[in-house]
Structure formats: C-alpha cells, structure tokens
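> Task: produce atomic coordinates for the following.
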Amino acid sequence: METSLSDIHIQELTTAVELLENPSIAAKITNVIGMPIEKAIDFLPENWQANIGKITQKSLIKATEAAIWSLDDIEVEHPSNAWHKFGAALSGGVGGFFGLAGLALELPVSTTIMLRSIADIARSQGESLSDYETKLACMEVFALGGESTADDDAESGYFIVRAALANSITEASRYVATKKISEESAPALVKFIVNVATRFNVIVTEKAAAQAIPAIGAIGGGIINTLFIDHFQDVAKGHFIVRRLERIYGPEVIQAWYTAVMDLKTQEA
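From the prediction side, this is the model:
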C-alpha cells in the first residue's frame, strides 16, 4: 500500500477538506432572508418542528426509491450539476410560494433531484452504482452535509460522522440487494435512513424556516433551493474524491493525510 500521495492527489484531497469541513449554509440563507436563520427558526410553530422531521424521513425514503435504484453505471465524466440546480430551483419556487404548507410536496421532489445529482457526482468519481454500498454512500452525503443537534466541535468532523454511520451502512447493505425499502422488510435500511435524517433535518429546518417567511415568495424559495443543492453537490464532490483516493491508497492512509491537511490549514488560519 502506498503511503505518499502524488501532488495532484494532495491537491484533490485539499479541495475535499475545504468542501467537507465547511458545511454550513446558514450564513448564505441569512443573506437571502435578511435575518439570522436562528431567528427565523424561532418563528416556526412548535408542532412544525416535529412535522419537518417526519417529512424529512419520508422524503429520504421516497428519494431513495425514485433516484438511486433507477440509475445505472453509464460513464459520466462531468456531472450535470447545472440541470439539477435548475430542477431544484423550480421545486423551491413551490416551497417559497406555499411556505410551510408546500414543504411536504416540495421536499420529496427536491431531495430526489439532489440524490440524482449526488449519484451523478459519484459516477464521475469512478463509483459503480450497481454496488449497493455506493448507493448508500450517496445517501450518506445528506448526513455529512448537516449536523445533529447533539453535535459539538469534536463530533462533527467528516470521518467521525462516517464512522458513526459505518455499522448501519454495513447492516443496510445486507438487505437492499433483495429487500424492498420498507420498515417490515428492511429494518436495517430504515435505521440507516433515520440516522441520516437526524442530520439532514437540521438543514431542512433552516430551509423550511426561511421559505416560510411571507416575503420570500417563489423567487426567494428558488434561490434558497439553489443554495440547498449547491451545498450538497459540494459535499458530494468532497466525499467521493475521498472515497476514490481511498480506493487507491487505502482508508487509513487517506485519513492520516486528511488530518494532516486539516492541521496545516489550522496553522495557516
């Protein structure tokens, strides 16, 4: 196993670190809505906090059925990011027009579009979508792109989140080859989706709070959804760069180099 990376791979890993260790889009949403996102969240009705969690989980299940399992291994050199952003912006217009009432309709659509985009990025980095572990790695991006409310600075790093999801990915991969996505037939897959949804829900709540502001409207909703998908496209690119390099050098080597790059950036800051 090689222990030193080529110059181009060090460059790619540095890009991945920049994409994966700066996951917050709260500041960008704040610029769109003109107020701190935390203040907008405070205006959400208490019962809607729980409703958003349910909608998030259902959206991930529907997106998995509609997106990941229908894609094949066509070789992709450059992912169609622009087309996916356009689709997400259109669906976001619905959310902005109807506010919270439109979230249950809009989020499954935008999540499906994002998951297709993530899968497209995975294929461009040499992943095989016939591999069920790759399909689950695409869903994993939604967890990597958002933090759990229980996180602290020591628990929100890229590799720590991956380690936290590793067992559920292994268990889920044993089911998805032969089982349908339902609680009865694939409990391990549902458990994995719930784990992902816990983190994804943080960003969905921010998005929902922003789109619920009456002044946002359809245009603002489209802008917010564009930020939404752009964020997860960046996370997906970083994630699948790391996975590609792991296939070349081994996971332990890449994790060590990843940490070294992070330490260097901290010293430069």
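
> May I ask which helix or strand of the chain has the lowest mean pLDDT?
Taking mean pLDDT, DSSP states H and E as the measure, the chain has helix 81-98 as its least confident helix or strand, at a mean of 50.

> Now do the strand or helix carrying Ile229: distance to the chain's middle.
Element membership for Ile229 (DSSP states H and E) is helix 217-249. Centroid displacement of helix 217-249 relative to its chain, using Cα atoms, centre = their mean, to the nearest Å, is 7 Å.

> buried ones in that helix?
Judged by neighbour count using 16 or more other Cβ atoms under 10 Å, the buried positions of helix 217-249 are 218, 220-245, 249. Just so you know, the C-beta spots here come from the backbone N, C-alpha and C atoms, and that holds for glycine as well.

> residues making contact with the next helix or strand after that helix?
Once helix 217-249 ends, the next helix or strand along the chain (criterion: DSSP H and E) is helix 251-268. Contacts to helix 251-268, defined as Cβ atoms under 8 Å, 6 or more residues apart in numbering, come from residues 1-3, 5, 10, 13-14, 16-18, 21, 158-159, 242, 245-246, 249.

> Next step: the residues you listed restricted to strands.
Judged by DSSP state E, the subset of these located in strands is empty.

> Apply the buried test to these and list what passes.
Among the contacts of helix 251-268, those buried by neighbour count (16+ other Cβ under 10 Å) are Leu5, Leu13, Thr14, Ala16, Val17, Tyr158, Val242, Leu245, Tyr249.

> Hmm, the fourth one is touching Val242, no?
Put plainly, it is Ala16. Yes. At 5.1 Å, Ala16 counts as touching Val242 under the criterion of Cβ atoms under 8 Å.

> Okay, and which of the contacts of helix 251-268 map to helices?
Under the assignment DSSP state H, the contacts of helix 251-268 contribute Ile10, Leu13, Thr14, Ala16, Val17, Glu18, Tyr158, Phe159, Val242, Leu245, Glu246, Tyr249 to helices.

> what's the first-to-last distance across stretch 122-137?
9 Å (Cα to Cα, to the nearest Å).

> Quick one: mean pLDDT for that stretch?
Taken as a whole, stretch 122-137 has a mean pLDDT of 89.

> Show me what whichever strand or helix holds Val32 is packed against.
Using DSSP H and E, Val32 maps to helix 26-33. For helix 26-33, the helices and strands in contact under the criterion 3 or more Cβ pairs under 8 Å, 6 or more residues apart in numbering; DSSP states H and E are helix 37-42, helix 187-211, helix 217-249.

> Quick one: neighbours of Val204, just the number.
24 (other Cβ atoms under 10 Å).

> Report the spatially nearest residue to it, omitting neighbours in sequence.
Spatial nearest neighbour of Val204, excluding adjacent residues (Cβ to Cβ, 6 or more residues apart in numbering): Thr56 at 4.9 Å.

> How much space separates the closest residue to Leu19 other than its chain neighbours from Leu129?
Distances taken as Cβ to Cβ, 6+ apart place Gly238 nearest to Leu19, at 3.4 Å, with adjacent residues excluded. Distance, Gly238 to Leu129, by Cβ to Cβ, to the nearest Å: 19 Å.

> just Gly157 next, same as before
27 Å.

> Counting neighbours, go ahead and name the busier of those two.
Legend: neighbour count by other Cβ under 10 Å for Gly157 and Leu129, higher for Leu129 (19 against 16).
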